[in-house]
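Asks: okay, sequence plus prediction incoming.
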Amino acid sequence: MLQAKPDDIERDVTIHTINGSECVDIERYDYLMLRGYTMNTNAQINAYRRDHVSCKRDQISDTSKAKRYQHLQKIPPKLDIPVGLLIGADHPEILQPLETRPAPSGSTGLPFRVRTLFGWTMGGGPSSNQKPGKYVFRTETTTARINLLEQNFKDTSNDQQYISQDDLKFLEIMRTEITHNRNRNYVIPLPFKNEADLPYNRLQAESRLRGLVKKFKAIPSYHAEYRKFMNKLIEQGHVEKVPLSSEPGKVWYIPHFSVRHKQKKKLRVVMDASARFNGVSLNDRLLSGLNHMNSLIGILMRFRQEPIAITCDIEQMFYNFKVKANHRDYLRFLWIDKTLTQIEEFRLNVHLFGDTSSPAVATFGLRKLADDHRTIHPAAASFLREEFYVNDGVTSFQTLEDAKGLIQGARAICTKGNIRLHKFISNNKEVLTSVPESERVESAQNLNLFKDQLPQKRTLGME
């Protein structure tokens, strides 16, 4: 048993074994010193501690039979102690063979001898209690089916997905380069696969803009809606005029177009990060990131567990996370003045609605905010981490006190990241009175909560 005090506790570490994957909190030990049992050698490693190690002694080669073979005479006996440490491939200096003694030429099925930094070991050959037979890696039973259903309540399914090298690179960029600005917003880089030079595509952006201008002239009401949206981006400081200087190859112009919400009928401008020029798009160069989005089924089923329901929304989810300054020239776009004659150049300073990395960046940023301020209100931090589907948060409670406390705690945490949590609605009038009127859903802002009936609201596609 390791008696040292851990240097840190890492949260939500995904561990993969042949039996599957699990996401756990795990103790980390830095600069742990190992010493050889039979040799006067040592090595320094970083290690993680768990309550048990998934390794059986009968899976280790039976060294008691080594004396039968001339080439295995230096193998020490297997110690009668439990397995306490697994050394992984991230420490090749410990595992690399310094000397080998193969089985005699022409023999088959015989073990071999390898000397590492810590002495001689035996590889291959039968283990202590190994018997011939067939091995089943997975069976499905009634219990397995139940566990599968429970995943929707515990939200472990997304943590058990395969993690690629691109996913690991994305997480490394997020964890090492995230910072704050003076307004408390998180500043996060664009997660590039690589920052190789991009072709100069301004002509493509001009062509797309000319097409928009034609439509503006033909449909003035469409022009008014489009301009209203763009003006709001400018007024809120999400975009800025392009500076005079720029680095060649580090500039990209994003065409844009509009979509209209089916229910709300509102127009939204989308930056077309998938637009290709010379066979390249911005999205091609960006890492999409690990899908850490919470299970929609799990969120909705937990939402129905308790009698007091609450829903809310994060205002402009993606725009809450700023882009690192030296990446903003990749987010240039062209716009037209009111007279529809003069082209203007802008660039976004926020993560945009339309690029492949924004959902993962925003999810990471929200969870980072919750973790950084967990001490303010642990239950509210868990709500922000586990009960949000993109920008929509839903949950339910048994008591009025818990419901009110969570609203207060969640709003306090979001304020720390300059994020507005609003559009609150509840099926309980007393809970709703604890929310400032300006932060309630619009249909509940001018209600007499003592007389009027509470409005209905669609939540995650359900009403």
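Replies: Nice, thanks for sending it over.
Asks: domain assignment for the chain?
Replies: Here the domain assignment for the chain is 8-123, 202-444, based on automatic domain parsing.
Asks: what about the last one, how long is it end to end?
Replies: Pointing back at domain 202-444 there. The straight-line separation of the ends of domain 202-444 (C-alpha to C-alpha, to the nearest Å) is 46 Å.
Asks: what's the mean pLDDT across that domain?
Replies: Domain 202-444 carries an average pLDDT of 91.
Asks: how far out from the middle of the chain is that domain?
Replies: 17 Å (C-alpha atoms, centre = their mean, to the nearest Å).
Asks: hang on, the earlier thing: now distance to Glu172 too, for the domains of the chain, in CSV please.
Replies: Bear in mind the C-beta positions are built from the backbone N, C-alpha and C, glycine included. Putting the domains of the chain into CSV (distance: least, C-beta to C-beta, whole Å) gives the following:
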stretch, distance to Glu172
domain 8-123, 14
domain 202-444, 10
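Asks: got these as JSON lines, with distance to Leu190 and mean neighbour count columns?
Replies: Converted to JSON lines, the domains of the chain look like this (distance: least, C-beta to C-beta, whole Å; neighbours: other C-beta atoms under 10 Å):
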{"stretch": "domain 8-123", "distance to Leu190": "24", "mean neighbour count": "13"}
{"stretch": "domain 202-444", "distance to Leu190": "5", "mean neighbour count": "17"}
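Asks: Lys169: which of those domains is closest?
Replies: When the domains of the chain are compared by C-beta to C-beta, domain 202-444 sits nearest Lys169, at 6.3 Å.
Asks: three-state assignment of Glu240?
Replies: For Glu240, the secondary structure call by DSSP: H, G, I helix; E, B strand; the rest coil comes out as strand.
Asks: residues in a beta bridge with it, which ones?
Replies: Arg347 (DSSP bridges).
Asks: separation between it and Met317?
Replies: 20 Å (C-beta to C-beta, to the nearest Å).
Asks: what do you get for Val435?
Replies: Val435 is 20 Å from Met317, by C-beta to C-beta.
Asks: and for Ser438?
Replies: Taken as C-beta to C-beta, the span from Ser438 to Met317 is 19 Å.
Asks: can you give me the strands in the stretch 251-400 of the chain?
Replies: 256-260, 267-271, 308-314, 322-323, 332-336, 343-348, 388-389, 392-397 (DSSP state E, counting those that start in this stretch).
Asks: okay, the ones you listed in CSV with distance to Lys416 next?
Replies: What follows is those, written out as CSV (distance: least, C-beta to C-beta, whole Å):
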stretch, distance to Lys416
strand 256-260, 32
strand 267-271, 28
strand 308-314, 14
strand 322-323, 15
strand 332-336, 31
strand 343-348, 24
strand 388-389, 16
strand 392-397, 16
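Asks: tell me which of those strands approaches Gly354 most closely.
Replies: The nearest among those, by C-beta to C-beta, is strand 267-271 at 4.1 Å.
Asks: how much does the closest one deviate in direction from strand 343-348?
Replies: Interaxial angle, strand 267-271 versus strand 343-348 (axes from the mean of the first three to the mean of the last three C-alpha atoms, to 10 degrees): 80 degrees.
Asks: not counting its neighbours along the chain, what's nearest Trp252?
Replies: Tyr330 (4.6 Å; C-beta to C-beta, 6 or more residues apart in numbering).
Asks: could I get the contacting residues of that neighbour?
Replies: Leu190, Leu198, Lys250, Val251, Trp252, Leu282 (C-beta atoms under 8 Å, 6 or more residues apart in numbering).
Asks: closest one to Lys416 out of these, please.
Replies: Out of the contacts of Tyr330, the member with the shortest distance to Lys416 (by C-beta to C-beta) is Leu190, at 24.1 Å.
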